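Engineer: Just to be clear, the model below is a prediction. Sequence and coordinates:
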Amino acid sequence: MGQINLTQVTKSFGDVNVIPPLDLNINDGEFTVFVGPSGCGKSTLLRLIAGLEDITSGKIEIDGQDATELPPAKRGLAMVFQSYALYPHMSVRKNIAFPMKMAGMDEAEQKKRIEAAAKALNLTDYLDRRPGQLSGGQRQRVAIGRAIVREPSAFLFDEPLSNLDAALRVGMRLEISEMHKRLATTMIYVTHDQVEAMTMADKIVVLQAGVIEQVGSPLELYRRPRNKFVAGFIGSPK
Ligand code: ADP
Ligand code: MG
């Protein structure tokens, strides 16, 4: 679970082509970071994978199944948004339970998953609080908790830390990395921050104007950048 393959995927908005034909394979359990300057197509690519935008041509496979025509809810992926979109009048417990309740899951199973998510995210002591009584980082964890309980085959993050102050951001990077290790689930993480990419990724996908300039581990990109753009962006000495 958590294998995502894009074959000759393109995206145009009207006459404007934002993603030229692009191939990309994301392996199960990998922490993949899409990095590149503002406007290069990171969010668009993530939204195409999530099914929030339709691709113009090509094919998207998730866990070996053709997902090109599937609506977002049927793709088994969880998108964690930058704005936390928590319900302010509900407790943390109820916020996390909400998607399960909507899906009609039985109460005992809901309880089990809430407890497991709270444990994984260090939220056990906060389950009865409301979002307004939490810090930014804790709210972020609740948003992730709400995604975890659906047991997605992959998590998709679009610049999840960009609203947080610098000190909190460093702590949250570590938390997300640790969560990735604990859950061993595929994660795709979009950022324009090179440091975030270099410190968090198993695999970095460097994008420029919708084109993949290079794919590799942080060390590979640092040691062997394919061109000046990658070298400049990753900060390696070439
Ligand atoms: P990034 O996330 O890397 O900053 P985006 O994926 O948001 O970049 O945008 C890539 C390009 O696609 C930009 O030129 C942007 O203006 C354009 N774009 C994104 N969404 C739309 C849309 N819904 N309609 C028209 N153009 C869009
Ligand atoms: Mg974006």
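Structural biologist: The structure has been received and is ready for your questions. Ligands and ions are numbered 1, 2, ... in the order given.

Engineer: Check the average confidence over stretch 123-143, would you?
Structural biologist: For stretch 123-143, mean pLDDT is 91.

Engineer: buried set for that stretch?
Structural biologist: Residues of stretch 123-143 classed as buried by neighbour count (16 or more other C-beta atoms under 10 Å): 123, 126-127, 130-131, 134, 137-143. (Glycine included, C-beta is placed from N, CA and C.)

Engineer: From one end of that stretch to the other, what's the distance?
Structural biologist: When the termini of stretch 123-143 are compared using C-alpha to C-alpha, to the nearest Å, they are 11 Å apart.

Engineer: Residues of the protein that sit close to ligand 1?
Structural biologist: 13, 18, 36, 38, 39, 40, 41, 42, 43, 44 (C-beta under 6 Å from any ligand atom).

Engineer: Quick check: phi and psi at the last one.
Structural biologist: In this entry, residue 44 is assigned phi and psi values of phi -60, psi -50 (degrees, to the nearest 10).

Engineer: how far does stretch 129-142 sit from the chain's center?
Structural biologist: In terms of C-alpha atoms, centre = their mean, to the nearest Å, the centre of stretch 129-142 is set 19 Å apart from its chain centre.

Engineer: Show me what the top helix by length along the chain is packed up against.
Structural biologist: Longest helix of the chain, by residue count under DSSP state H: helix 166-183. Contact here means 3 or more C-beta pairs under 8 Å, 6 or more residues apart in numbering; DSSP states H and E; on that basis helix 166-183 packs against helix 107-120, helix 136-148, strand 186-191, helix 194-200.

Engineer: again, only using 7 Å
Structural biologist: helix 107-120, helix 136-148, helix 194-200 (3 or more C-beta pairs under 7 Å, 6 or more residues apart in numbering; DSSP states H and E).

Engineer: For residue 234, which of these is the nearest?
Structural biologist: Comparing these by their distance to residue 234 (C-beta to C-beta), the top pick is helix 194-200, with 6.2 Å.

Engineer: The closest one - contacts with which helices or strands?
Structural biologist: Against helix 194-200 (3+ C-beta pairs under 7 Å, 6+ apart) you get strand 31-35, helix 166-183, helix 228-234.

Engineer: Contacts for the longest one next, please.
Structural biologist: By C-beta atoms under 7 Å, 6 or more residues apart in numbering, the residues outside helix 166-183 that reach it are 31, 120-121, 136-137, 140, 144, 161, 164, 187, 196, 199-200.

Engineer: Look up how far residue 20 lies from residue 202.
Structural biologist: 26 Å (C-beta to C-beta, to the nearest Å).

Engineer: Show me the contact partners of stretch 132-139.
Structural biologist: Stretch 132-139 is contacted by residues 84, 86, 88, 126, 131, 142, 164, 168, 171, 172 when judged by C-beta under 7 Å, 6+ apart.

Engineer: Any chance of a ChimeraX selection covering the buried ones in those residues?
Structural biologist: Per 16+ other C-beta under 10 Å, the buried members of these correspond to this ChimeraX selection:
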select :84,86,126,131,142,164,172
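
Engineer: ok, so what distance separates the residue nearest to residue 71 when sequence neighbours are not counted from ligand 1?
Structural biologist: Counting by C-beta to C-beta, 6 or more residues apart in numbering, residue 71 lies nearest to residue 51, which is 5.9 Å off, once chain neighbours are set aside. Between residue 51 and ligand 1 the computed distance is 15 Å (C-beta to the nearest ligand atom, to the nearest Å).

Engineer: cool, and residue 166?
Structural biologist: For residue 166, the distance to ligand 1 equals 20 Å [C-beta to the nearest ligand atom].
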